[in-house]
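Asks: sequence? don't have it. structure:
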């Protein structure tokens with residue numbers, strides 16, 4: 001049985017491997033000759049977590065979880081996320097006057113479901129009433145990509161309201 005070689009797959013695998021290698025070394029201090037090259041926490045916006053405790057992030061910051069806010073930009077501006085960090089989803093619960101729009105939080109199983117806002121295999125992790133008060137908390141327990149979205153109104157909030165984002169928490173390196 002001969003091994004089938006796909007010329008298009010090799011560059012993609014090489015890029016994937018080099019990206020994973022670069023992420024793995026992101027918090028490592030390199031010594032090169034007499035110079036020290038330290039890229040720890042550069043160019044990130046919050047200080048390194050020296051005590052290795054978890055951080056708590058309110059999704060959207062002061063904007064909370066609502067229709068029309070760009071959560072992909074929010075996630076990009078708040079990186080890096082680490083394993084055991086907590087994401088807090090705060091949103092108004094549905095009310096009797098029907099003046100507000102309900103929101104929820106879903107976890108997509110993969111990238112394609114996330115891109116297409118396909119909720120068929122997504123897992124509902126917070127219903128419309130769980131965002132009130134202190135909000136719904138989700139702990140990033142593993143070093144994997146998490147895909148979040150709002151599934152209300154048959155996915156319209158996700159598709160047209162920018163209510164989706166992805167994060168990949170990193171592991172704390174202890175030297």
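Replies: Arrived safely. What you see is a predicted model, and the numbers here were worked out from it, not measured in a lab. Numbers count the residues shown, from 1 in each chain.
Asks: those helices in this protein, which residues are they?
Replies: Ranges of helices in the chain, per DSSP state H, are 9-24, 71-77, 111-116, 156-160.
Asks: looking at the ones you listed, which one has the lowest mean pLDDT?
Replies: Here the lowest mean pLDDT among the helices of the chain goes to helix 9-24, at a mean of 63.
Asks: Quick one: the strands in this structure, in order.
Replies: Secondary structure of the chain (DSSP state E): strands at 29-32, 35-38, 56-58, 86-89, 105-108, 123-126, 136-139, 146-149, 164-167.
Asks: Could you export those strands as JSON lines, including distance to residue 70 and mean neighbour count?
Replies: For the C-beta atoms, the positions are set from N, CA and C on the backbone; glycine is no exception. Listed next are the strands of the chain as JSON lines, based on distance: least, CB to CB, whole Å; neighbours: other CB atoms under 10 Å:
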{"stretch": "strand 29-32", "distance to residue 70": "34", "mean neighbour count": "10"}
{"stretch": "strand 35-38", "distance to residue 70": "32", "mean neighbour count": "10"}
{"stretch": "strand 56-58", "distance to residue 70": "16", "mean neighbour count": "16"}
{"stretch": "strand 86-89", "distance to residue 70": "16", "mean neighbour count": "20"}
{"stretch": "strand 105-108", "distance to residue 70": "17", "mean neighbour count": "23"}
{"stretch": "strand 123-126", "distance to residue 70": "20", "mean neighbour count": "14"}
{"stretch": "strand 136-139", "distance to residue 70": "20", "mean neighbour count": "16"}
{"stretch": "strand 146-149", "distance to residue 70": "13", "mean neighbour count": "23"}
{"stretch": "strand 164-167", "distance to residue 70": "9", "mean neighbour count": "20"}
